[in-house]
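Undergrad: Based on what follows, work out the 3D shape:
(chains A and B)
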2 protein chains.
Amino acid sequence: MEAEFIHWLRRRLPPHPQLLLGPGDDAAVLRLAADAACVVTTDTLTDGVDFILGRDDPRRIGRKALAVNLSDLAAMAARPVAALVSLVLPRANAEIPALDLAVELFEGLLPLAEAFHIAIAGGDTNTWPGSLVIGVTVIGETTARGPLRRGGARLGDVILVTGQFGGSILGKQFDFVPRAAEALLLNERYSIHAATDVSDGLSLDLSHICAESQCGAVVELSRIPVSTAATELARQLGDGRSPLDHALADGEDFELILAVPPDEADRLLAEQPLQVPLSRIGTFTAEPGLWQIAADGSRSPMTPRGYQH
Amino acid sequence: MEAEFIHWLRRRLPPHPQLLLGPGDDAAVLRLAADAACVVTTDTLTDGVDFILGRDDPRRIGRKALAVNLSDLAAMAARPVAALVSLVLPRANAEIPALDLAVELFEGLLPLAEAFHIAIAGGDTNTWPGSLVIGVTVIGETTARGPLRRGGARLGDVILVTGQFGGSILGKQFDFVPRAAEALLLNERYSIHAATDVSDGLSLDLSHICAESQCGAVVELSRIPVSTAATELARQLGDGRSPLDHALADGEDFELILAVPPDEADRLLAEQPLQVPLSRIGTFTAEPGLWQIAADGSRSPMTPRGYQH
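TA: Model prediction:
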């Protein structure tokens, strides 16, 4: 199965200027930009947790497996170069033979790779009696501005976010566009102190920046950009949870949270240099922990919520 | 679970001169040697196929997951720098809680990482209702001599191998030492045309070099270094398969197959520069396919045998 699949794949893959040696050898060889550091991240998606095979189209699953890694590189403002794709395929799935499933996963993944100009450098293809597991590793390179880290936020920095939040389960969890180009543009033209992407949940991922930067954060609830999907999901569920609550806790928005010095934040908000809106939602503070300011001005602790692994 | 595990791991990891940013951010940042190309490989091991959880010690499983990747980098004569480790842990295994299993896997993996001076740059930790999956990606760098490829064998090159073959299921499949240092030494001091490591089976992996190099190979059966484990396994099974047959087909020996020009092969065999013996087992030929020469001098086609994915 693996030989047949690699044969199919090698015919499908376009050449890439930085891929010196691609699939079919013991390892791949990449040429990174001179002076660049190598940035690497990996994420594994599993059936029943991150997707449901049989409900979700394998093309969307394959695309997502690559996209979540591109979002991680975006959070570092690193330029993605190549991906390795590891498939663990169900051996005797009555619905779909292993080879067909592998092809469908790649039919979703390859267009995203091409859109982001990254090479498929290799991977690993296995079958087993269990359910589908797909792991992707993305290799990127730093730019002249260096990587953005979670740990760089400073006292008084403004909290900026891209896009809207909440209700990603209605579609965005699969169809999001990783903010790779946006992060590169922001890091090149503006002074950004820290960044992360929102995979677990806006409030939980914000708390990760605080933990690594050893600071706290105050969030103005009225400024949170709540997506229409969050409103729709709250309506559908009808369980009393507000759209704002979904925006703070749902996760898988794959938007960016940025720590930006106040003057630079003003400039950014005035210029709005991205296709997607940038919003100011609060401030990083010396006082540890997360705090929220309600519409009436009252202040209270905010519990970081989201997907706990 | 993931936060607790990362906390444990970060305390355990020694600093590494090439790891600029390690676990805990959205991605890791590595500094590769100036002028080096980036060499990457990934391998995923699954319960019931590559190991059996409950029978095999998780420490041996964790060690193997890293070691197979180091063997792939050895086959490229690349210097390993760092690893990413992805765990998909059974959520409710009655035998062992997910966190304990993660720790035991790393207790096997970390000493090997330290012995090979590689950083644990990051990874991904998940739990699910299924069985254990462990995927490792290793990032390395080329040396001044460049990478070895499968496709470089030339007509008349001698087939050299390190070590002995067969019966790896009796222990070597877990306890092998990746030939990383050996490959670097050979590539630095000698002219090597092509290489691969033996994971699938000596005859099958030899056929991979032939396919990529568009040549054939003639193997002298009397020259195959048959391990004592192959003899022991043949005795235990008592099914009529010879130790030689195990040596050619068992796989997971994780030795190197090299294509070396004849003069250089003579020098290598005379000097025996490694701790492990180097043996000449045949010659690469213009005629495609694998051929075997028996002790009586008769020649016949050899079927590539080994683990078919």
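Undergrad: and whichever strand or helix holds residue A:210, does that touch chain B?
TA: Assigned by DSSP states H and E, residue A:210 belongs to helix A:202-213. Yes: interface with chain B: helix A:202-213 contributes residue A:212 (Cβ under 8 Å from any Cβ of the partner chain). In this view, the C-beta of every residue, glycine as well, is placed from N, C-alpha and C.
Undergrad: That helix - contacts with which helices or strands?
TA: strand A:194-197, strand A:216-220, helix A:243-249, strand A:256-260, strand A:278-285, strand A:289-293 (3 or more Cβ pairs under 8 Å, 6 or more residues apart in numbering or on different chains; DSSP states H and E).
Undergrad: closest to residue B:307 out of these?
TA: With distances scored as Cβ to Cβ, the stretch of the helices and strands packed on helix A:202-213 nearest to residue B:307 is strand A:194-197 (38.6 Å).
Undergrad: May I have the strands that pair with that closest one, each with its orientation?
TA: strand A:256-260 (antiparallel) (DSSP bridges).
Undergrad: Flag the shaky bits of the stretch 151-300 of chain A, pLDDT-wise.
TA: The stretch 151-300 of chain A contains no residues with pLDDT under 70.
Undergrad: which bits of it sit near chain B?
TA: So the stretch 151-300 of chain A meets chain B at A:151, A:195, A:196, A:197, A:212 (Cβ under 8 Å from any Cβ).
Undergrad: Which members of those are the farthest-apart pair?
TA: Going by Cβ to Cβ, the pair spanning those furthest: A:151 and A:197, at 15.2 Å.
Undergrad: What's the separation between the residue nearest to residue A:219 when sequence neighbours are not counted and chain B?
TA: Leaving aside its chain neighbours, residue A:219 sits nearest to residue A:282 (4.0 Å; criterion: Cβ to Cβ, 6 or more residues apart in numbering or on different chains). Residue A:282 is 20 Å from chain B, where distance means Cβ to the nearest Cβ, to the nearest Å.
Undergrad: Neighbours of residue A:282, how many?
TA: 23 (other Cβ atoms under 10 Å in any protein chain shown).
Undergrad: Kindly report the same for the one 10 residues further on.
TA: Using other Cβ under 10 Å, the number of residues around residue A:292 comes to 20.
Undergrad: correct me, but it touches residue A:299?
TA: Yes: with contacts counted by Cβ atoms under 8 Å, residue A:292 reaches residue A:299, the gap being 7.2 Å.
Undergrad: residues shared between the contacts of those two?
TA: residue A:218 (Cβ atoms under 8 Å, 6 or more residues apart in numbering or on different chains).
Undergrad: if we can go back for a sec, who has more neighbours out of residue A:151 and residue A:197?
TA: Shown here are residue A:151 and residue A:197; by other Cβ under 10 Å, residue A:197 has more neighbours (25 against 18).
Undergrad: wait, what's in contact with the more buried one?
TA: Counted by Cβ under 8 Å, 6+ apart, residue A:197 has contacts A:71, A:72, A:74, A:75, A:179, A:205, A:254, A:255, A:256, A:257, B:26.
Undergrad: Next, see if the strand or helix carrying the first one gets close to chain B.
TA: Spelled out, that is residue A:71. Assigned by DSSP H and E, residue A:71 belongs to helix A:58-75. Yes: interface with chain B: helix A:58-75 contributes A:72, A:73, A:75 (Cβ under 8 Å from any Cβ).
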